[in-house]
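Colleague: could you look at this predicted model? Sequence included:
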Amino acid sequence: MIRMRTRLLVLHVLVLTLLVVLVGRLYQVQVVHGQEFVTRATETRTRTVIVPAVRGQILDSSGRPLVRNRTALVVSVDRALLSRTPDGGLKVLTKLSQVLGRPVQELQRKITPCGPKVPKPCWTGSPYQPVPLDEKVDTREALQILERQEEFPGVTAEIHSVRQYPGGRAGAQMLGYLQPVTEEELEKREGLKAAFSGVDLAGRDGLEYVYDDALRGKAGLRRVQVDRMGKALGVEDQVTPVPGDHLVTSIDSRIQAVTERALERAMKSAPQADGGAAVVLDARSGRVVALASQPNYDPEIWGGGISARGYQRLMSEKSGKPLVSRAINGQFAPGSTFKISSVTSMLRAGYPLNGTYDCSGSYNVGGRAFNNFRGIGLGPMNLHTALVRSCDTIFYRAAYEQYLKDGGRYPKKPPKEIFANTARAFGFGRPTGVDLPGESGGRIPDRAWKKSLWNQTNAVTCERSRKGYPEVKDRARAEFLKRLALENCTEGFLLRPGDSANFSIGQGDVLVTPMQLARAYMALVSDGKLRSPRIGWAQVRPDGKVVRTIPVPVVGKLPLSEKERHYIKNALSQVAQDGTAAGAFAGFPMDKVRVGGKTGTAEVWGKQDTSWFASFAPTKNPQYVVVVMVSQGGMGAQTAAPAAREIYEGIYGIKRTPAVPGGRLTTKLPVFRPDGTVAPR
């Protein structure tokens, strides 16, 4: 009996305890956290979807599309959802590979997040973003996925806007490409983070990168009512996305096409050529008219994720690294095209403009003979003829004399370094500031640069001076390298006499980019002002309203008087007719369009010469500046000059239909209709 009462008592206590706990929990849910749970319950009945905006087009100066949008069925995978399946999504990807006709291993690589040891291709975007696997699926493939969603959890097939390039490969490095938004970008760019739609792409290079904010537009919002299973019941609220602005550029797509063809043919004409670039500038405004680089690539390769083979080709030395623009990133010795700076240096050093100078077959610099081209002496001449006939020894002498005036190897006071400082005044040795990312600055070697380089490399060169180069099979070559290493080890910090001589003709350690050279010639033949070239011309809304025009900033002035500038320009105006480029322009109708310029042939150790031609036309009132460079192309008159001639023939319609009627570039923006289309002129 007592045991029975004890059990009942325990049961009563247990029931009362449970009731107290239940009442306490009800109080906590109803009173303490009541409002919080009401809010959460409300939220579970709605879903907020960010709707991406249509990206703006990139147009040429007349409104022709360089980059436009097209709609495509895109298959994407939610890798976070797949990772929660028992087999990590392998079964789903296996079925998907059968639908898309792609190996399952390729699909796995594409959805794998990139990391230090993860090979390309891999997923560069945010882990919360669906991974696009294919942008070229047809309706039949999409329906196989959509009609059997239970077999493809986390897989979607939706219509998206993707980039299309009407010009194909033309200007690929200049235009750039798109890639998924990364977590790092989301953290750095608050505006992007707030409007992230989950399918956004960001500009990764070229104009797509520089003008990404304007082209992107503003994402919209859609608040959708859903049931407890997540099925959409209706739209509660909606904010329409704002399309991105169009970017009107100064590129003329017709001249771009002519330039691409000319450069491609120039590369084919030189059997060992491994890279080339061509720059066409508007001499009157400082804007870029055409920009070509070889080798190039098809920018649509990025669509839907690049393959491992495709990525390796873009970065491969064997294929010439087509992702790199030789026009703004390629750094090469400029050869005799650099003499416009050296003539100016002579004038700044006090050499007379109308003086007479001896163009001997060779000139002794620091105990070593520096030869004129092929060792041929041309006799006394003025600076005009020195440019036309490209005499080297006149510039060797002047540069060496200034080197000695500065104190030679051991200057006792701060040297003037007139040749180096004049080159910097021409814009060499620093980026031009063109509106493209990652531009190289070139190199103007002076005493400070030599010392800095020695500090960085002397440990290696001193070790080499002791151990030599056993890996070099050629004995003579190995011995030469060892002696050179010893010389650099002991006095590599000194500017040597030969350095000054090489500098004066654009050789030795001097490096420039084709864009830098084009900018310098543009300043010389126009008004003497150094400008930072621009490709972007205006930002225009889809309805045609101009948001802003993009100015071309003046960033310097050449160290030349107007008289001196015209003197040099007049000398260059004779080069294609009676000078070093006369052969390349034989038969060209100079009475119709007179072309001026300067050839350049830069020696490169172990390779063929770099071929250059920097030019302008018409010589009286220049409209165009055209610079062509072909690495391992041979002499300037052999490869680069004929390519420049072909560009001028295309522009002015010599023996063909002109790319630009009358050869005159437009000075007015294209006219847009209210619906956003371009009105014909």
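Modeller: Arrived safely, thanks for sending.

Colleague: so where's the stretch 251-400 of the chain shaky on pLDDT?
Modeller: Applying pLDDT under 70 to the stretch 251-400 of the chain flags residues 304-308.

Colleague: that one: helices as residue ranges?
Modeller: Assigned by DSSP state H, counting those that start in this stretch, the stretch 251-400 of the chain shows helices spanning 253-269, 308-315, 339-348, 383-388, 393-405.

Colleague: give me the contacts around the first one.
Modeller: Yep, that's helix 253-269 we're talking about. When contacts are defined by Cβ atoms under 8 Å, 6 or more residues apart in numbering, helix 253-269 is touched by residues 60, 62, 64, 66, 167, 169-171, 273, 276-278, 280, 289-292, 294-296, 628, 630, 633, 639-640, 642-644, 646-647, 650-651, 659-660. In this view, the C-beta of every residue, glycine as well, is placed from N, C-alpha and C.

Colleague: please apply the same query to stretch 473-480.
Modeller: With Cβ under 8 Å, 6+ apart, stretch 473-480 has contacts from Gly468, Tyr469, Pro470, Val472.

Colleague: among these, name the buried ones.
Modeller: Gly468, Tyr469 (16 or more other Cβ atoms under 10 Å).

Colleague: most widely separated two among the contacts of stretch 473-480?
Modeller: Gly468 and Val472 (8.5 Å; Cβ to Cβ).

Colleague: okay, and the common contacts of those two?
Modeller: By Cβ under 8 Å, 6+ apart, the residues touching both Gly468 and Val472 are Ala478, Leu481.

Colleague: lowest-confidence helix or strand of this protein?
Modeller: helix 190-194 (a mean of 52; mean pLDDT, DSSP states H and E).

Colleague: got the contact list for the following helix or strand past it?
Modeller: Elements were assigned by DSSP states H and E; along the chain past helix 190-194, the next helix or strand is strand 201-203. The contact list for strand 201-203 (Cβ under 8 Å, 6+ apart) reads 55, 176-182, 185, 192, 209-212, 215-216.

Colleague: what mean pLDDT does strand 201-203 get?
Modeller: Across strand 201-203, pLDDT averages out at 82.

Colleague: again with stretch 664-673
Modeller: What stretch 664-673 shows for mean pLDDT is 90.

Colleague: buried ones in that stretch?
Modeller: Leu665, Leu669, Pro670, Phe672.

Colleague: next: stretch 62-81.
Modeller: Quick answer for stretch 62-81 (16+ other Cβ under 10 Å): 62-69, 72-79.

Colleague: show me those that map onto strands.
Modeller: Pro65, Leu66, Val67, Arg68, Asn69, Ala72, Leu73, Val74, Val75, Ser76, Val77 (DSSP state E).

Colleague: show me what the fourth one is bridged to.
Modeller: Here Arg68 shows beta-bridge partners Gln164, assigned using DSSP bridges.

Colleague: is it correct that it is in contact with Gln164?
Modeller: Yes. Counting by Cβ atoms under 8 Å, Arg68 does reach Gln164; the two are 5.3 Å apart.

Colleague: what's the closest non-adjacent residue to Arg594?
Modeller: Thr619 (4.6 Å; Cβ to Cβ, 6 or more residues apart in numbering).

Colleague: any idea how far the one you found is from Ile651?
Modeller: Noted for Thr619: a distance of 15 Å to Ile651, by Cβ to Cβ, to the nearest Å.

Colleague: check Gln179 too.
Modeller: Taken as Cβ to Cβ, the span from Gln179 to Ile651 is 35 Å.

Colleague: and for Tyr351?
Modeller: 37 Å.

Colleague: the more surrounded of the two?
Modeller: Neighbours were counted for Tyr351 and for Ile651 using other Cβ atoms under 10 Å; Ile651 has more, 26 against 17.

Colleague: for Val23, state which of the buried residues of stretch 664-673 is nearest.
Modeller: Comparing the buried residues of stretch 664-673 against Val23 with Cβ to Cβ picks out Phe672 as the nearest, at 70.5 Å.

Colleague: give me phi/psi at the closest one?
Modeller: Reported as degrees, to the nearest 10, the phi and psi values for Phe672 are phi -100, psi 140.

Colleague: list the contacts for it?
Modeller: Gly63, Val540, Asp543, Gly544, Lys545, Val678, Ala679.

Colleague: bridged to the second one, which residues?
Modeller: When bridges are assigned using DSSP bridges, the partners listed for Val540 are His246, Val546.

Colleague: how far away is it from Pro670?
Modeller: Plainly put, Val540 is 8 Å away from Pro670 if you go by Cβ to Cβ.

Colleague: do the fourth one as well
Modeller: For Gly544, the distance to Pro670 (Cβ to Cβ) stands at 9 Å.

Colleague: next one: the last one
Modeller: Using Cβ to Cβ, one obtains 8 Å as the distance from Ala679 to Pro670.

Colleague: and Arg424, how many neighbours?
Modeller: So Arg424, with other Cβ under 10 Å, has 16 neighbours.

Colleague: isn't it up against Arg443?
Modeller: No. Look at Arg424 against Arg443 with Cβ under 8 Å: they stay out of range, at 11.1 Å.

Colleague: perfect, that will be all.
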